[in-house]
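Chemist: pasting the sequence and the predicted coordinates here, then a few questions.
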Amino acid sequence: MKSLRIPPFLLCSVLCFLGVAGRAQTIFDDNLEGGPGNWSVYSYPGAPVCTPLTYVSTTTDPNGNHTPGGAFGFKLTRASDRVVHDLDLSPYGTIGLHLSLWYYDAMNMSGGDFEAFDLRSPNNSQILGFATRAYADRPNYYWCRVLAVTGYDPTGGTGYRATSIQRTLGWHHLEILQYRDLAHLNTAEFYVDDVLALRQTDVVDTALSRVVLGLGWSGNPSQTGYTDDITVQVVPEPDVFSLALAGAVTAAAFRRTGRTRGRRGVA
């Protein structure tokens, strides 16, 4: 029996396809070096009136930028500060998202200081986010937010869930991953500086298309800190790659077997 040999051109094509598909596809990337134009002040019926984050430069604020070689970023200065960017996901179908941003924690421990960043649905039915809040309940730790879950919710509906990752002064990398493939449905992961802060497996599956920076609640005493380098990616699921590779190999085997049988028939 002859071993299966995949034609070099086909193998190369498959590997190239996997290489392209396997890379996370960036659908939004803002290092704020071009200004704050990608963001608008948050507005929602019944929500408090919000204000824009302050666009700052390192020429006047040394902590105002994270981008290597850059000079600009957002500063949280008022409790009402909140901005939003709406993503156009119409070309992608059902997808999960990966939000990545950098946050400068000023470690303001005054009572009630509260910063928040999240991915959410346009109608606010689902919110996946991070928060730092100087409240009596674990003021020195990061919080994660999963608003809607399929099971029992011990948060009383707020969605804020404690983590064991302690806050420290300076820039930190915050990441939120929402999975929507069948193998990982209802799962979301939250990372601080590449360390898993929370893995929630009962998340109500919802299309998320809004990026929100800031808490935007004037009843809160204050917001402080900075944010920069905001990126949203779509990461194709591994099952897609497996099916593509299996299909290519099967097609190659079929064509080769067909040709071999044809030659034997003629002989």
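Modeler: Ah, there it is.

Chemist: the nearest residue to T77 once chain neighbours are set aside: how many residues sit nearby?
Modeler: If the residues on either side of it in the chain are set aside, T77 comes closest to T54, at 5.0 Å by CB to CB, 6 or more residues apart in numbering. Heads up, the C-betas are built off the backbone N, CA and C, glycines and all. Neighbourhood size, T54 [other CB atoms under 10 Å]: 16.

Chemist: again, but for V203
Modeler: Quick note: V203 (other CB under 10 Å) scores 20 neighbours.

Chemist: quick one: stretch 151-167 to chain centroid distance?
Modeler: 19 Å (CA atoms, centre = their mean, to the nearest Å).

Chemist: now swap in stretch 199-214 and tell me
Modeler: The answer for stretch 199-214 is 9 Å, by CA atoms, centre = their mean.

Chemist: can you give me the buried ones in it?
Modeler: Along stretch 199-214, these residues count as buried under the neighbour rule (16 or more other CB atoms under 10 Å): 200, 203, 206-214.

Chemist: can I get those in a markdown table including pLDDT, distance to G73 and secondary structure?
Modeler: As requested, the buried residues of stretch 199-214 are exported to a markdown table (pLDDT from 0 to 100; distance: CB to CB, whole Å; DSSP: H, G, I helix; E, B strand; the rest coil):
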| residue | pLDDT | distance to G73 | secondary structure |
| --- | --- | --- | --- |
| Q200 | 97 | 29 | strand |
| V203 | 97 | 30 | strand |
| T206 | 96 | 30 | coil |
| A207 | 96 | 29 | coil |
| L208 | 97 | 24 | coil |
| S209 | 97 | 24 | coil |
| R210 | 97 | 21 | strand |
| V211 | 98 | 15 | strand |
| V212 | 98 | 17 | strand |
| L213 | 98 | 11 | strand |
| G214 | 95 | 13 | coil |
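
Chemist: which of those residues sits closest to P154?
Modeler: Q200 (12.0 Å; CB to CB).

Chemist: who's in contact with that closest one?
Modeler: 144, 146, 149, 161, 187-190 (CB atoms under 8 Å, 6 or more residues apart in numbering).

Chemist: list the beta-bridge partners for it.
Modeler: A188 (DSSP bridges).

Chemist: i'd like the first residue to be 40 from this point on
Modeler: All right, first residue 40 from here; so that's Q239.

Chemist: hang on, the earlier thing: report the contact partners of the residue nearest to T116.
Modeler: By CB under 8 Å, 6+ apart, the neighbours of T93 are 113-116, 120.

Chemist: so which of those belong to strands?
Modeler: 113-114 (DSSP state E).

Chemist: I figured H211 hits L140, correct?
Modeler: No - counting by CB atoms under 8 Å, L140 is not a contact partner of H211; they are 9.6 Å apart.

Chemist: which helix or which strand is home to the most centrally placed residue in the chain?
Modeler: Residue closest to the average C-alpha location in the chain (CA atoms, centre = their mean): L138, at 1.8 Å. Using DSSP states H and E, L138 sits in strand 137-144.

Chemist: what's the angle from the helix or strand hosting D267 to strand 137-144?
Modeler: Here D267 sits within strand 265-273, counting by DSSP H and E. Here strand 265-273 points in a direction 170 degrees away from that of strand 137-144 (axes from the mean of the first three to the mean of the last three CA atoms, to 10 degrees).

Chemist: and the contacts of strand 265-273?
Modeler: Counting by CB under 8 Å, 6+ apart, 63-71, 92, 95, 102-106, 109, 111-115, 124, 126, 131, 134-143, 145, 156, 158, 250, 252 sit against strand 265-273.

Chemist: what about it, average pLDDT?
Modeler: The pLDDT scores in strand 265-273 average 97.

Chemist: do the same with stretch 127-141
Modeler: For stretch 127-141, the per-residue pLDDT averages 95.

Chemist: swap in stretch 173-183?
Modeler: Mean predicted lDDT for stretch 173-183 stands at 83.
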